[in-house]
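Asker: got a predicted structure here, sequence first:
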Amino acid sequence: MATDMDPEVARSLFEEGATLVLLGVPEGTELGIDYKCWQVGPRFRGVKMIPPGLHFLHYSSFSAVGSGGTTGPRTGLFLTLKPREILMANWDPKEEDMDFSASENQVEVDRVRAGLQDLDPFLGPYPYEVMRKWVSLTDKVNQELATQLQPLSGRVCAFSDVIPEVQLTHTKDREEQNLPRNDTACQSMKEGLDKLPRMKLREGTALRFSPIPRKTYPPGATPAQITQCNMDLSYALETLLETHHQQKPLNVLGELQFAFVCFLIGNVYEGFEHWKSLLTLLCRSEEAMRQRPDLYLGLIAVLYHQLGEIPPDFFVDIVSKDNFLTSTLQDFFQFANGPGVNSTLRRRAEKFKAHLTKKFSWDFEADLDDCEPVVVELPEGVTLD
């Protein structure tokens, strides 16, 4: 955990920094905080000199069984640490998870604080070199928002924890659910899949992202209005903001950052899917861009840092599939250059566009299926005769 640090910064973090005391973590466990990850050694007892604020602690259990051993799926949790705070956890080998109940015992915490000097050689320093990067990725996220979005369990898990919707222990149970018997041979892949029970997420383990509105137009909309609302998603965006971020509309940028961190660091693919959906909603809301310049100036800053952290081959493998990112940003830049847009926002968007063009060689001037027909969803009972 060695790291080069300015002496003044080191002194400040030594005096004001928080400490994570993590006891019993098995050797070989992959453990990290924020944007840095290590493999736990035999002397590891925690992390010291942690800057106060929001952090993401993540870990993957290690099994020595098999050739070279195996690392389990990543688990993470968001923590907001206060100056000089000591947060304690013991490794639970049965659950392969951190148990923070020791932190609720003030006597135990005071005992550890009194012996902190003896514990110091076993504590690794916070990786200060990644602090600026971490803050740039999470500056719109606070603990209140993180608590609102993370699972009720408090754990962000790379693999979904799923259980059968109905316990089907007997053949008659399967028959009641109209499922085929297990003792019959499968004639096709579909038939085999149909034999599997329907699954659901274990209660308390699902990320609680704001649902993206499925209906993009207001009640009673005419066909022309529906078409307009499908081209300009401002109505859907305003619906999401009023429903989930009414008091603090800019929290939607914090949600975008939260989803990105869950994917990039927490390895949660659902985070990537929500990031895509939320980004599409923001970038394709022309009227909102005119009405909420502060939101969109913030969006440019958020995307600048996020796109700077994604590995280059990631775009080839996932993001650029079906031209998602380039087509979405093309709409954003087109709207940002439209009438009535704040002049500062227009200039900032042009600079951002030039930056992305230079860095990734993306062409935002090319036609990307602009001539495809727009499918209009008609309200119930309305026909075009």
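Answerer: Nice, thanks for sending it over. All values derive from a computational prediction rather than experimental measurement.
Asker: show me what the host helix or strand of residue 295 is packed against.
Answerer: In this structure, residue 295 sits in helix 293-309 according to DSSP states H and E. Here helix 293-309 touches helix 131-138, helix 251-264, helix 269-283, helix 286-291, helix 343-360, going by 3 or more Cβ pairs under 8 Å, 6 or more residues apart in numbering; DSSP states H and E. For every residue, glycine as well, the C-beta is placed using N, CA and C.
Asker: apply 7 Å and report the result again.
Answerer: With contacts defined as 3 or more Cβ pairs under 7 Å, 6 or more residues apart in numbering; DSSP states H and E, helix 293-309 has these neighbours: helix 131-138, helix 251-264, helix 343-360.
Asker: chain center to the last one, what's the gap?
Answerer: I take that to be helix 343-360. Relative to its chain's centre, helix 343-360 lies at 25 Å (Cα atoms, centre = their mean, to the nearest Å).
Asker: tell me the buried residues in it?
Answerer: Going by neighbour count (16 or more other Cβ atoms under 10 Å), the buried part of helix 343-360 is 345, 346, 348, 349, 352, 353, 356.
Asker: by pLDDT, give me the weakest of these.
Answerer: Across these, the smallest pLDDT goes to residue 356, namely 92.
Asker: so what's that one closest to, chain neighbours aside?
Answerer: residue 362 (5.6 Å; Cβ to Cβ, 6 or more residues apart in numbering).
Asker: any idea how far residue 109 is from the one you found?
Answerer: Using Cβ to Cβ, to the nearest Å, residue 362 is found at 51 Å from residue 109.
Asker: next: residue 42.
Answerer: For residue 42, the distance to residue 109 (Cβ to Cβ) stands at 25 Å.
Asker: between these two, which is the more surrounded one?
Answerer: Under the criterion of other Cβ atoms under 10 Å, the comparison of residue 42 against residue 109 puts residue 109 first, with 17 against 8.
Asker: pull the residues that contact the helix or strand encompassing the more buried one.
Answerer: For residue 109, the host element (DSSP H and E) is helix 106-114. Helix 106-114 has contacts (Cβ atoms under 7 Å, 6 or more residues apart in numbering) with 21, 86, 88, 102, 103.
Asker: can you give me the offset of the very next helix or strand once past that helix from its chain's centre?
Answerer: Counting by DSSP H and E, the element after helix 106-114 in chain order, helix or strand, is helix 116-119. On the basis of Cα atoms, centre = their mean, helix 116-119 sits 35 Å off its chain's mean C-alpha point.
Asker: now do helix 116-119, average pLDDT.
Answerer: Mean pLDDT, helix 116-119: 93.
Asker: so what strands line up beside the helix or strand following it?
Answerer: For helix 116-119, the following helix or strand on the C-terminal side (DSSP H and E) is strand 123-125. When pairing is defined by DSSP bridges, strand 123-125 lines up against strand 46-50 (parallel).
Asker: just want the angle from the strand it pairs with to helix 131-138.
Answerer: Put simply, strand 46-50 runs at 90 degrees to helix 131-138, going by axes from the mean of the first three to the mean of the last three Cα atoms, to 10 degrees.
Asker: could I get the very next helix or strand once past strand 46-50 in PDB with only the CA atoms?
Answerer: As assigned by DSSP H and E, the chain's next helix or strand after strand 46-50 is strand 53-60. Extracted in PDB, the C-alpha atoms of strand 53-60 (Å, rounded to 0.1, in the frame of the first residue of the first chain):
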ATOM      1  CA  GLY A  53     -16.400  12.100   3.200                       C
ATOM      2  CA  LEU A  54     -18.000   9.400   1.000                       C
ATOM      3  CA  HIS A  55     -16.100   6.300   0.200                       C
ATOM      4  CA  PHE A  56     -16.800   2.900  -1.400                       C
ATOM      5  CA  LEU A  57     -15.400  -0.100   0.400                       C
ATOM      6  CA  HIS A  58     -15.300  -3.300  -1.800                       C
ATOM      7  CA  TYR A  59     -14.100  -6.800  -1.400                       C
ATOM      8  CA  SER A  60     -14.100 -10.300  -3.000                       C
END
